[in-house]
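Asker: Quick one, structure for this:
(2 chains)
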Amino acid sequence: DTGVSQNPRHKITKRGQNVTFRCDPISEHNRLYWYRQTLGQGPEFLTYFQNEAQLEKSRLLSDRFSAERPKGSFSTLEIQRTEQGDSAMYLCASSPRMEAFFGQGTRLTVV
Amino acid sequence: GENVEQHPSTLSVQEGDSAVIKCTYSDSASNYFPWYKQELGKGPQLIIDIRSNVGEKKDQRIAVTLNKTAKHFSLHITETQPEDSAVYFCAASRANNLFFGTGTRLTVIP
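Answerer: Below is the predicted model of the structure:
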């Protein structure tokens, strides 16, 4: 499968713990996005990378959230001191230009 | 920022009938409009897209129309099949991110 890969698929964590998600984009796609989706809503933009440079961040991305894309390949999204409101599906997408192709997402549940 | 509204929120059609989902956007600078299909527990799947220099695009049973003046675009699915049942999202983009509508849950009744 050469699509966007996200790991883990599911994560349950206790409030206050840190979590990290990984995204492996489609090879040769230089653009990578992170989105968050809550039940019954469309995905909401979090951040965007072009190669290794993080070019845009949403106001939704509080200082507890950090994303990296070392070497312009895979990306990680870390949430520190998780809160119950962080429970959502975290989606990664990659793109060669304008078309964005999504992974299956990581469902985070904070208990 | 961009605001995308999508209607209806739910849609039920008989198998073989057509389904139409409509979206409006607020930012006249938006120039790319994709549609995604999302099945339960999966990520959104790109099914068709249209750019602002085109008024209509068709791919087999799926078509999308764009009216730039009115700032609205629509998804048309003809000859619907049970496997078309899913949540459909429209989106609009002018730069580096997509703004999504709230989704339409389509149910195709066999």
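Asker: Doesn't A:Gly42 belong to a helix?
Answerer: No. Counting by DSSP: H, G, I helix; E, B strand; the rest coil, A:Gly42 is not found in a helix; it is coil.
Asker: do you know how far it is from B:Ala91?
Answerer: Plainly put, A:Gly42 is 7 Å away from B:Ala91 if you go by Cβ to Cβ, to the nearest Å. Yep, even glycine has a C-beta here, placed from its N, CA and C like the rest.
Asker: Provide a list of residues in contact with B:Pro8.
Answerer: By Cβ atoms under 8 Å, 6 or more residues apart in numbering or on different chains, the contact set of B:Pro8 is B:Ile21, B:Thr104.
Asker: ok, now how distant is it from chain A?
Answerer: Distance check for B:Pro8 against chain A: by Cβ to the nearest Cβ, to the nearest Å, it reads 14 Å.
Asker: quick one: the nearest residue to A:Arg15 once chain neighbours are set aside and A:Val19, what's the gap?
Answerer: Spatially, and ignoring its direct neighbours in sequence, A:Arg15 is nearest to A:Val110 (5.5 Å; Cβ to Cβ, 6 or more residues apart in numbering or on different chains). Per Cβ to Cβ, A:Val110 is found 9 Å from A:Val19.
Asker: Identify the contacts common to these two.
Answerer: Residues touching both A:Val110 and A:Val19 by Cβ under 8 Å, 6+ apart: A:Thr13, A:Thr82.
Asker: Local confidence estimate at the residue in chain A positioned nearest to chain B?
Answerer: Closest contact between chain A and chain B, by Cβ to the nearest Cβ, is at A:Gly42 (3.0 Å). pLDDT, A:Gly42: 94.
Asker: Kindly report the same for B:Arg94.
Answerer: At B:Arg94, the model reports a pLDDT of 83.
Asker: For it, list the residues it contacts.
Answerer: B:Glu2, B:Asp27, B:Ala29, B:Ser30, B:Asn31, B:Tyr32.
Asker: was I right about the fifth one contacting B:Ile50?
Answerer: No. In this structure, B:Asn31 sits apart from B:Ile50 without contact. The criterion is Cβ atoms under 8 Å, and the distance is 9.9 Å.
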